[in-house]
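Visitor: Need a 3D model of the sequence below.
(2 chains)
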Amino acid sequence: DSGVTQTPKHLITATGQRVTLRCSPRSGDLSVYWYQQSLDQGLQFLIQYYNGEERAKGNILERFSAQQFPDLHSELNLSSLELGDSALYFCASSVGTSGGPGRSATQYFGPGTRLTVL
Amino acid sequence: AQKITQTQPGMFVQEKEAVTLDCTYDTSDPSYGLFWYKQPSSGEMIFLIYQGSYDQQNATEGRYSLNFQKARKSANLVISASQLGDSAMYFCAMRLTRISNFGNEKLTFGTGTRLTIIP
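Guide: Residues are numbered from 1 along each chain as shown, chains lettered A, B, ... in the order given. Below you'll find the model as predicted:
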């Protein structure tokens, strides 16, 4: 158990709908990262939050948005869903430093949310 | 930009044998970290081992060791005495670690190697 929790574990919805994925980081971790894993794109970084503020953006679609709340949990909102959005969405967290070498750089992953868009 | 290459899509290994999973990386930044993650069929991503670019010794974690060859830009994972439970996808990943890279800490992943342990 990594200490990172994600809900729900599975989500099935229809095209055009909107869903919210939730993540709670490990105790003490200030950074939260969202990744998407799909068969055609592999594992792709979407977005990072650090202590409530957006820190870095990756290949995140405009239809997707995220936020990190004062209690450090994060939510990823996916709207106007398309079939191609079906994927495994991971949240990861790391020790609350801005960078630096050593194991503090390690990101621990949650169990993922498997999204199926029909 | 960083790049990770895993050239073995799949491997079959006899139980109790050692196995080496290949990983090469590319970056122009001297400060980085290399990671291996295991993804069993249940889907979760499990951290296995970390190697920093300035670490003098190869990292070891139980049955896992990382064969770090900086000049060749390779970071192969070695699993000793393989077990049936080692059957999974294995991903090599890297991130930059210099403080000035704040905001550029994303993990870049390879395409993975599917390891199957044969009894």
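Visitor: Quick check: B:R95 vs chain A, distance?
Guide: B:R95 is 6 Å from chain A, where distance means C-beta to the nearest C-beta, to the nearest Å. C-beta coordinates here come from the backbone N, C-alpha and C atoms, glycine included.
Visitor: Hmm, that residue is touching B:S31, no?
Guide: No. With contact defined as C-beta atoms under 8 Å, B:R95 does not count as touching B:S31 (10.1 Å).
Visitor: show me where the chain has strands.
Guide: Just going to use chain A. A:5-7, A:10-13, A:19-24, A:29-38, A:42-50, A:53-57, A:64-68, A:74-78, A:87-95, A:108-109, A:113-117 (DSSP state E).
Visitor: try again with chain B
Guide: Remark: strands assigned in chain B by DSSP E are B:3-5, B:10-14, B:19-21, B:24-26, B:32-39, B:46-52, B:60-61, B:64-69, B:74-79, B:88-96, B:108-109, B:113-118.
Visitor: Is it possible to get a markdown table of those strands that adds mean pLDDT and mean neighbour count?
Guide: Listed next are the strands of chain B as a markdown table, based on pLDDT from 0 to 100; neighbours: other C-beta atoms under 10 Å in any protein chain shown:
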| stretch | mean pLDDT | mean neighbour count |
| --- | --- | --- |
| strand B:3-5 | 97 | 16 |
| strand B:10-14 | 97 | 13 |
| strand B:19-21 | 98 | 19 |
| strand B:24-26 | 98 | 16 |
| strand B:32-39 | 96 | 24 |
| strand B:46-52 | 95 | 19 |
| strand B:60-61 | 96 | 12 |
| strand B:64-69 | 97 | 18 |
| strand B:74-79 | 98 | 22 |
| strand B:88-96 | 96 | 23 |
| strand B:108-109 | 96 | 21 |
| strand B:113-118 | 98 | 16 |
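Visitor: Could you list which residues are in contact with A:Y89?
Guide: A:Y89 makes contacts with A:Q6, A:L21, A:W34, A:Y35, A:Q36, A:Q37, A:L76, A:G112, A:T113, A:R114, A:L115, as judged by C-beta atoms under 8 Å, 6 or more residues apart in numbering or on different chains.
Visitor: Ok, A:S86 next?
Guide: If you count contacts by C-beta under 8 Å, 6+ apart, A:S86 has them with A:S38, A:L115, A:T116, A:V117.
Visitor: With A:S74 as the reference, measure out to it.
Guide: 21 Å (C-beta to C-beta, to the nearest Å).
Visitor: and if you look at A:L118?
Guide: Using C-beta to C-beta, A:L118 is found at 26 Å from A:S74.
Visitor: likewise B:Q8?
Guide: Taken as C-beta to C-beta, the span from B:Q8 to A:S74 is 34 Å.
Visitor: again with B:P119
Guide: Distance, B:P119 to A:S74, using C-beta to C-beta: 41 Å.
Visitor: count of neighbours near A:V32?
Guide: 31 (other C-beta atoms under 10 Å in any protein chain shown).
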